[in-house]
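Student: fold the following for me, if possible:
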Amino acid sequence: MRLYEPSVLDQMVLAIIGEAPKHGFAISKELEQDPSLAAVIRIRRPLVYRSINCLLEAKLIRESKVEPGDQGSQRVIYMVTTKGKAVSTTWLNTVVEHPRDARIELLAKFVLRSRRKLKNQQLAKRQKKLFELQASKLKISAELATDDVRLVSLWRVENINAMIRLLDAV
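Tutor: Predicted structure coming up:
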């Protein structure tokens, strides 16, 4: 049996519910209308509801109340459980392991942390340290590689170095 591991979208939804209890439509609107979140990723409403179902099943959120909706159907308000709060806090404070995950996951963490009035400098410093180590290893392997592999390795080094410069700006 495989254990549930929240996706980046699940973590984002969990963090938004952690700010204040919300219903699915409000979460979807927030992801769509907050300029910072919308710049990180565009998420269709059905994916938000699928994420809510996963979070419910994992007991990271729970239904807190039901209220009338604008169009007549009732809306379920969700709130974060104690377990969900711990999972969200850990995720928001953890560096991403692979540079390819920085484009969405790391930027989402920075935006969601800022919404909670959390400083991003410490996370950025830890992330930069990890990426510097990875860049130095890639640079060494690029120097030892054949031409075609060297090109790919140098590409990856330059991408990581661009992220490091961005982390310096944080």
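
Student: now do the strand or helix carrying residue 47: which elements does it pack against?
Tutor: For residue 47, the element it lies in under DSSP states H and E is helix 45-57. Contacts defined by 3 or more CB pairs under 8 Å, 6 or more residues apart in numbering; DSSP states H and E place helix 45-57 against helix 8-19, helix 24-33, strand 61-68, strand 74-80. Quick note: C-beta positions are derived from backbone N, CA and C, even for glycine.

Student: just say which of the ones you listed is most tucked in.
Tutor: Neighbour counts (mean count of other CB atoms under 10 Å) averaged over each of the helices and strands packed on helix 45-57 peak at helix 8-19, with a mean of 23.

Student: CSV for the helices and strands packed on helix 45-57, including mean pLDDT and distance to residue 115?
Tutor: Formatted as CSV, the helices and strands packed on helix 45-57 follow (pLDDT from 0 to 100; distance: least, CB to CB, whole Å):
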stretch, mean pLDDT, distance to residue 115
helix 8-19, 97, 6
helix 24-33, 94, 10
strand 61-68, 89, 18
strand 74-80, 93, 15
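
Student: how far off centre is the helix holding residue 47?
Tutor: Its chain's average C-alpha position is 15 Å from that of helix 45-57, according to CA atoms, centre = their mean, to the nearest Å.

Student: what residues sit buried inside it?
Tutor: 48, 51, 52, 54, 55 (16 or more other CB atoms under 10 Å).

Student: tell me which of the helices and strands packed on helix 45-57 lies nearest to residue 153.
Tutor: Nearest of the helices and strands packed on helix 45-57 to residue 153, taken as CB to CB: helix 8-19 at 26.3 Å.

Student: can you put the buried residues of helix 45-57 in CSV and add pLDDT?
Tutor: As requested, those are exported to CSV (pLDDT from 0 to 100):
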residue, pLDDT
48, 95
51, 96
52, 97
54, 96
55, 97
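
Student: good, wrapping up.
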